[in-house]
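A.B. asks: What would the 3D arrangement of this be:
(chains A and B)
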Number of protein chains: 2
Amino acid sequence: MKRVASGILPVIAIDRRSPEALHKQIYEGYRRAVLDGRLRPGERIPSTRVLAAELAVSRFPVLNAYSQLLAEGYFESRIGAGTAVSNSLPDQFTSSGLTTHARLASTRPAPRPVARRISILAPRGSALWLRGWGAFGVGQVALDQFPFRVWSSLVARHSRKVTRELFRYGDPMGTKALRQTIASYLRTARSVQGEPGQIMIVSGSQQALEIATRVLLEPGSRVWMEEPGYPLAREVFALAGCDPIPVPVDEEGLNVAAGIKRENRARAAFVTPSHQFPLGATLSAARRFQLLDWAQNSGAWILEDDYDSEYRYESLPVASLQGLDASNRVIYIGTFSKVLFPALRMGYIVIPPDLVEQFVTIRRAMDLGSATFFQEVLADFIGEGHFERHIRRMRILYRERRSKLVESIREELGNRVEVHGSEAGMHLTVTLKEARNDVEIAERAARRNLWMWPLSRCYMGRGRQGLILGFGSAAGQVIPRAVRKLRNLIMES
Amino acid sequence: MKRVASGILPVIAIDRRSPEALHKQIYEGYRRAVLDGRLRPGERIPSTRVLAAELAVSRFPVLNAYSQLLAEGYFESRIGAGTAVSNSLPDQFTSSGLTTHARLASTRPAPRPVARRISILAPRGSALWLRGWGAFGVGQVALDQFPFRVWSSLVARHSRKVTRELFRYGDPMGTKALRQTIASYLRTARSVQGEPGQIMIVSGSQQALEIATRVLLEPGSRVWMEEPGYPLAREVFALAGCDPIPVPVDEEGLNVAAGIKRENRARAAFVTPSHQFPLGATLSAARRFQLLDWAQNSGAWILEDDYDSEYRYESLPVASLQGLDASNRVIYIGTFSKVLFPALRMGYIVIPPDLVEQFVTIRRAMDLGSATFFQEVLADFIGEGHFERHIRRMRILYRERRSKLVESIREELGNRVEVHGSEAGMHLTVTLKEARNDVEIAERAARRNLWMWPLSRCYMGRGRQGLILGFGSAAGQVIPRAVRKLRNLIMES
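C.D. replies: Got it, this is the predicted structure:
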């Protein structure tokens, strides 16, 4: 039964069969009428008794709706004069007879300013090569090899463990269990020095960089960037108003002497010492000492991004730069995106002891800290040995994929390309000997379901043409076919 | 059996019973010897054959270790002259005879610069009242009432659902399922306009503010802040180099006219229209229109933080400001920390359609996006009706706690205090009629296991003295006792 109150009343429809409560229908009806200009400021509203009778409902819902409209300021009540539409509502909002939408759409458009810095960032929409999954996606892992059964049972086990501590606001540094596990893993596997109290759990290496930047750098701070280097790191610095300074890399990694010559007074250096991104060099011992020495003397910070050092195929994993640093100048950044899976969004920072408080301050202001549940799951996953086992298995798998890829490249592309950085990690880079447009190749590849990053986009200046090929998510048997496809793409260009 | 190679060799101990592989022990032994200065640059290293014989091990681990040391640049090999410690290692790192740690500790300390802005933020360590749980913690929920069994079974169910999509890098906006669910919830319950494509999942309202600030504001941008207001919001603006402008609030919420008079050209306004934090007023209809009008005319943005609007005890929830906005000036921020639990770290932003791309750009540079797993769990929790049911139950529970608290305050403190904002949410504020030091009271309270925020800390300027009392995590039966304790604390001060 639908009843409509009219006459001196605006048309307010109520519907008893609606799941919406009566008082809410009355409230909404009046609110709309005011907003649409059907009821004007100062106009009288019937008493609750009259309206209830008119609508044939009890007085309670009407009283309820009126008190809400009074509380929100749509109505006002005058002593001895009943209730009326509020006089303090701006005229133009209520009396034009137009709906607010129609009214405002007709006024001149006001400016819609956004931060200028956004325009520094490359419009991501144009990077076709980031849109797919499979050969040769960079930063993609062999998801089908992840021990999901173990993981699921850990998740299910923790889902039954209900302690209030796990549901409150957590420590912005992360849970104790996970930080202890990571500290001991890093000590053993990566020669990283650091107590659990220095480890902050973050949502991946991107956030780690973001936090470190806000703690350590000012707008205008100069930061050494490897050239070529990791574009997403450059974006963090650029967004913070810093000034990235390209420093060339060679087969020994970052050319520290060139950096000193170019900008001795940089405030920080961003480096990937274990496996330079994207060319793959290992920062040599001599360069490590030079870099640490420069930092120590000039008061600069070193941001060490150790994104995939677990996978090394010809030798032991290289010890971290942080482990050589005697003056606490290195901020060490690690991630589980490459060794576990990206959607976990989990990584960590090893913070020099005297900066822990500042990192916490910034982290709190940014997002208060990471969610606790998967920290607990991960602590068990590592503590029970699944993590090490998984890494060992993946090292063998990725080594095979790597070898298959290198072999296929030799067969199909021979002398046309040069392979860089295949000793480690989950990608390698080929540089193109003849002049080709790598962006154009990567775009055409993406349209044919092959995903690779153009090397030139990793340079701040004019860079070499090449392709970064991930083999983490490319099964061994698809690699030869994918490389043949790649050869055709290169030849066509 | 422990064997030591000596003579022209540095003391390198290997231990066959150690779990450490032999090649790793040899590698570490040499590396340490170089770093400690026991082996000097240019010094010759025995051939692999000699060392293997000396240590009575096979040549393989020795070859393995040497190739690593060569690869990392600790050794160099000269044609016809065997292997030696690398000459390119800086002298001071290797020849002092001191360990690197001892050596560096003795040099003059270099500056350790951090960003100047950190010092703007209140040192959090001093806020004793943030350290505990129970009566009258602000922003704390009735965790014991959360439907953990339902939640756990959803988590367990999803832990068995292994689709690769859920483990890859996700959409920085969030999962489709959750965004659809939230869009329809907001439309119905909060009168928020917006398609799923405008909703970004974030890790809570703090991150939401942080992202919006980076998209919309520049260093130096002026931002209206409610005075008193939410201190954590002020921190976000201050960290971004913006200039927060205090605008007074009264019983109708933000005094828009005062804001216009004070700073007409502000770039944005931060408001809590449903339940002003901390005084509790609802922004009146007239003020809403005034605010929208100002924004529309001046090109300003409105950041609407709708942190606990689900809980309203005397009337329906107040419709959102965003729903009245015809010119897409409002960025609407919501969180699940108050209606579910804080450790979930989940919230959302409803973004004006023309700004979605910019929000995505900034979000990617910050942390690439939120973890997917709990987005899927939450989508089901809402979709299957548990969310609405939980809110309904909590509304009844919190209303009881609220009434108990108001009643106890009247009984114990009578005319000494004035109660504000008890119509909604999970906290109320009492202002102290006689001059007292609220910070000092809150500190003494914390030492006696009672948690409350001092009102004066919510002001940018000189503020009123008062206490913000949360009742979310305070069970009904403890409230009278806690209020008596509070009375004693106030009387003693």
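
A.B. asks: hey, let's count contacts and neighbours off CA atoms from now on
C.D. replies: Noted.

A.B. asks: number of nearby residues for A:Ile391?
C.D. replies: Residues contacting A:Ile391 under the criterion other CA atoms under 10 Å in any protein chain shown number 16.

A.B. asks: Likewise for A:Val215?
C.D. replies: 22.

A.B. asks: And A:Ser18, by the same measure?
C.D. replies: 11.

A.B. asks: residue furthest from the geometric center of chain A?
C.D. replies: Relative to the centre of chain A, the most outlying C-alpha is that of A:Gly80, 60.2 Å out, by CA atoms, centre = their mean.

A.B. asks: That one: what secondary structure?
C.D. replies: Secondary structure assignment for A:Gly80 (DSSP: H, G, I helix; E, B strand; the rest coil): coil.

A.B. asks: Mind giving me the packing neighbours of the lengthiest strand in chain A?
C.D. replies: Taking DSSP state E as the assignment, the strand of chain A that covers the most residues is strand A:243-250. Packing partners of strand A:243-250 (3 or more CA pairs under 8 Å, 6 or more residues apart in numbering or on different chains; DSSP states H and E): strand A:222-227, helix A:231-239, helix A:256-263.

A.B. asks: circling back to that earlier point, how much space is there between the residue farthest from the centre of chain A and chain B?
C.D. replies: 23 Å (CA to the nearest CA, to the nearest Å).

A.B. asks: Return the residues in contact with A:Ser203.
C.D. replies: Counting by CA atoms under 8 Å, 6 or more residues apart in numbering or on different chains, A:Ser203 touches A:345-348, A:370, B:367.

A.B. asks: Where neighbours are concerned, which of the residues you listed has the most?
C.D. replies: Of these, with other CA under 10 Å as the count, A:Arg345 tops at 28 neighbours.

A.B. asks: can I assume A:Gln140 is in contact with A:Gly470?
C.D. replies: Yes. A:Gln140 lies in contact with A:Gly470 (CA atoms under 8 Å); the separation is 7.1 Å.

A.B. asks: so what are the domain limits for chain A?
C.D. replies: What automatic domain parsing lists as the domains of chain A is A:22-106, A:124-142+A:390-492, A:162-384.

A.B. asks: tell me the most buried of the ones you listed?
C.D. replies: Most buried of these, by mean neighbour count (mean count of other CA atoms under 10 Å in any protein chain shown): domain A:162-384, with a mean of 22.

A.B. asks: measure A:Arg410 to chain B for me?
C.D. replies: 24 Å.

A.B. asks: cool, A:Arg214 as well?
C.D. replies: Between A:Arg214 and chain B the computed distance is 7 Å (CA to the nearest CA).

A.B. asks: which one is that residue nearest to, not counting chain neighbours?
C.D. replies: Excluding the flanking residues, the one nearest A:Arg214 by CA to CA, 6 or more residues apart in numbering or on different chains is B:Ala115, at 6.8 Å.

A.B. asks: how near is that neighbour to A:Val236?
C.D. replies: Per CA to CA, to the nearest Å, B:Ala115 is found 15 Å from A:Val236.

A.B. asks: Then A:Leu340?
C.D. replies: A:Leu340 is 24 Å from A:Val236, where distance means CA to CA.

A.B. asks: A:Glu376 too?
C.D. replies: 29 Å.

A.B. asks: Could you pull out the helices in the stretch 201-350 of chain A for me?
C.D. replies: A:205-216, A:231-239, A:256-263, A:285-298 (DSSP state H, counting those that start in this stretch).

A.B. asks: how about the ones you listed, which one is nearest B:Met394?
C.D. replies: For these, the distance to B:Met394 is smallest for helix A:205-216, at 34.5 Å, taking CA to CA.

A.B. asks: What helices and strands are in contact with the closest one?
C.D. replies: Using 3+ CA pairs under 8 Å, 6+ apart: helix A:205-216 touches helix A:231-239, strand A:301-305, strand A:330-335, strand A:347-350, helix A:356-367, helix B:356-367.
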